[in-house]
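Asks: After the sequence you'll find the predicted model.
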Amino acid sequence: MTEAFKLSNVTKHYGDIKALEGITLSANEGQILGLLGPNGAGKTTIVKILSTLTKPTSGHAEVYGINVVKDPDSVRRLIGLAGQYAAIDEFQTGYENIYMTGRLYGLSSQETKKRTLELLDQFSLTDAAKRIVNTYSGGMRRRLDLGASLIGHPKILFLDEPTTGLDPKTRLDLWKIIQQLVKDGTTILLTTQYLEEADELANFIAIVNHGKIVAEGTADQLKNRLGNDVVECQLQNIKDKDLAISVIKKIAKYPPEFNDTSLKMTIPVNHGAKDLMKIVELLNSSKILIEELSLHRPSLDDVFLTLTKSNT
Ligand code: ATP
């Protein structure tokens, strides 16, 4: 299998701020690698290094075997970038925006024209092509941005939070487009704060927190890390919170999460129904009253909350 990109022990410091602290990560051709993490985790910095927008402080990064620091021009010919740092000009038309990107990319005017029309069609923007972008909806802008990033047929596409702020329907439309791009052979690095987005799209997920990878694997592998199941237990009284947590710690794999508003405790367990019984017994014997109890397989939300919490 061909390796599309790789980071080895990459650090990035901005003065005293350690944005990245020893990131090692790679993706094979045709994969969607999902980078999941809260605000400020370091996701965009990883994208910026791989797309040659910033240099690592130390470590090594390459795209198709090409060193991003030593030969950024060759790397740029292989990649496309869309998302948070979209270079869309509000006061140009959709057509002009894509055309300009093509010319900047170094394509001839004839080639750029042909490709611009193709992309406008592919992203259902032909009818709006002559309209100035500040009349576009959020979804149209994202499609335009994505279209422009594909002008040079990139082998790797970096999508930095491509669906942030979009409504659910528009988000689903973009997911379909992303899935089609991968079918056509593009490798994608996708950063997201949406767990269901990583679950739906990514073949492999790295969870980033405070500049480090705190977990990686397929969505299933990550869910399995927490044990097979999760018990959700709602208490009747907030006053029982501390006692309940200390009692439950005796059988849980990780400390339980407690939501002060819903009074719900999320408890990762290894042996579903058996552990559920044990939880009831333990809480009963401590005279803690239960409002509601359920057992479910962990979601990426559970994984994310547990792992990012245990690393703060
Ligand atoms: P978000 O989801 O909010 O975009 P992120 O995971 O993409 O977050 P980064 O943008 O990579 O996070 O930022 C990582 C850390 O580095 C943060 O603490 C941020 O404040 C810091 N940082 C990023 N760029 C700079 C910069 N140019 N100068 C100083 N600090 C920076």
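Replies: Noted; the coordinates are in hand. Numbers count the residues shown, from 1 in each chain.

Asks: quick one: average confidence on the biggest helix by length in the chain?
Replies: Criterion DSSP state H: the longest helix present in the chain is helix 168-183. Averaging pLDDT along helix 168-183 gives 87.

Asks: Could you pull out the buried residues of it?
Replies: Across helix 168-183, burial judged by 16 or more other Cβ atoms under 10 Å covers 170-171, 173-175, 177-178, 181-182. Where you see a C-beta, it was placed from the backbone N, CA and C, and this is true even at glycine.

Asks: Same question for stretch 212-226.
Replies: Applying 16+ other Cβ under 10 Å to stretch 212-226 flags 212-216, 219, 222-223, 225-226 as buried.

Asks: now do stretch 121-139
Replies: 122-123, 125, 128-129, 133, 136, 139.

Asks: Span of that stretch from start to end?
Replies: Taking Cα to Cα, to the nearest Å, stretch 121-139 runs 15 Å from one end to the other.

Asks: Residues contacting it, please?
Replies: 88-95, 97, 117, 120, 140-141, 143-144, 146-147, 165-167, 170, 173-174, 177 (Cβ atoms under 8 Å, 6 or more residues apart in numbering).

Asks: Kindly report the same for stretch 209-225.
Replies: Contacts for stretch 209-225 (Cβ under 8 Å, 6+ apart): 11-12, 18-25, 37-38, 41-42, 45, 198-199, 202-208, 297-300, 302-303, 307-308, 311-312.

Asks: That one close to the ligand?
Replies: No - Stretch 209-225 lies out of reach of the ligand by Cβ under 6 Å from any ligand atom, never closer than 6.7 Å.

Asks: for the residue of the stretch 151-300 of the chain found nearest the ligand, phi and psi?
Replies: Nearest residue of the stretch 151-300 of the chain to the ligand (Cβ to the nearest ligand atom) works out as residue 193 at 5.9 Å. In terms of degrees, to the nearest 10, the main-chain angles of residue 193 are phi -100, psi 0.

Asks: swap in residue 82?
Replies: The phi and psi values for residue 82, taken as degrees, to the nearest 10, are phi -140, psi 160.

Asks: Excluding sequence neighbours, find me the nearest residue to it.
Replies: residue 149 (3.9 Å; Cβ to Cβ, 6 or more residues apart in numbering).

Asks: can you check residue 52 too?
Replies: residue 72 (3.9 Å).

Asks: distance of the one you found from the ligand?
Replies: 18 Å (Cβ to the nearest ligand atom, to the nearest Å).

Asks: tell me which element residue 75 falls in.
Replies: helix 72-76 (DSSP states H and E).

Asks: related to what we said a few turns ago, surely the residue nearest to residue 82 meets residue 81?
Replies: Yes - between residue 149 and residue 81 there is a contact at 5.7 Å, judged by Cβ atoms under 8 Å.

Asks: Need the residues touching each of the two.
Replies: residue 157.

Asks: The residue of the stretch 151-300 of the chain closest to the ligand: what's it in contact with?
Replies: Contacts of residue 193 (Cβ under 8 Å, 6+ apart): 36-39, 161, 164.

Asks: any idea of the pLDDT on it?
Replies: 82.

Asks: repeat for residue 111
Replies: The model's pLDDT for residue 111 equals 94.

Asks: tell me the secondary structure for it?
Replies: Taken by DSSP: H, G, I helix; E, B strand; the rest coil, the conformation at residue 111 corresponds to helix.

Asks: nearest spatial neighbour of it, skipping sequence neighbours?
Replies: If the residues on either side of it in the chain are set aside, residue 111 comes closest to residue 102, at 7.3 Å by Cβ to Cβ, 6+ apart.

Asks: Tell me the predicted confidence for the one you found.
Replies: pLDDT, residue 102: 91.

Asks: All good on my end, thank you.
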